[in-house]
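>>> okay, sequence plus prediction incoming.
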Amino acid sequence: MSVRLAHGIGEAPRSTPVRAVVALGANLGERAATLEAAVDELRHLALTSDVRVSTPLETIAVTLDGEDEDAPRYLNAVAVLRTRLAPAELLASLHRIEARHGRVRRERWGDRTLDLDLIAYGDEVIRRDDLVVPHPRAHERAFVLAPWADVDPDAEIPGRGRVVDLLEGLRR
């Protein structure tokens, strides 16, 4: 298969790999098995390599109204990978993985079998209707920052600062 076919019909693949960060979460079904399967699929994405994953972390559900003690708890992790996929194609690949695991987009911030968010794509800042990176709320979410710091203690969010410092700020 050609690189172009493996990549899709959008933007051309990058000539050199970019470090991307993907947050994984699940609070319905067999959470651990779902995250493991999703990581396996990330490892098999075209033009993608060096997938490193944090230790999963169980967290309380966050809804539009704040933390929800009564909702099923989430299992969260972060994957850091190297990819030549353009950011929009990587996001489309993440959405396809979610769909294969039964993700249904009914309610914003609702319960889900699998949630994959593109948190960062190299040092790029992208602001489009269909894609925003760095993720606009990653710096406010301990359930993203803690596993990210676990897998990449030197990480930074472009325009926000070091992940470990942002996490420490949330814990104060």
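Received the coordinates, thanks. Source: prediction; values computed, not measured.

>>> could you pull out the strands for this structure?
Assigned by DSSP state E, the strands in the chain fall at 18-26, 48-53, 57-59, 61-63, 66-68, 74-83, 115-121, 126-127, 132-133, 156-157, 161-162.

>>> for the second one, what is the average pLDDT?
Mean pLDDT, computed over strand 48-53, is 98.

>>> with the first one instead?
For strand 18-26, the per-residue pLDDT values average out at 97.

>>> quick one: list the elements packing against it.
Packed against strand 18-26, as judged by 3 or more C-beta pairs under 8 Å, 6 or more residues apart in numbering; DSSP states H and E, are the following elements: helix 31-43, strand 74-83, helix 87-100, strand 115-121, helix 142-151. Every residue, glycine included, has its C-beta placed from N, CA and C.

>>> now render the strands of the chain as JSON lines, adding mean neighbour count.
Output for the strands of the chain, formatted as JSON lines (neighbours: other C-beta atoms under 10 Å):
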{"stretch": "strand 18-26", "mean neighbour count": "24"}
{"stretch": "strand 48-53", "mean neighbour count": "16"}
{"stretch": "strand 57-59", "mean neighbour count": "16"}
{"stretch": "strand 61-63", "mean neighbour count": "17"}
{"stretch": "strand 66-68", "mean neighbour count": "11"}
{"stretch": "strand 74-83", "mean neighbour count": "23"}
{"stretch": "strand 115-121", "mean neighbour count": "24"}
{"stretch": "strand 126-127", "mean neighbour count": "11"}
{"stretch": "strand 132-133", "mean neighbour count": "18"}
{"stretch": "strand 156-157", "mean neighbour count": "19"}
{"stretch": "strand 161-162", "mean neighbour count": "13"}
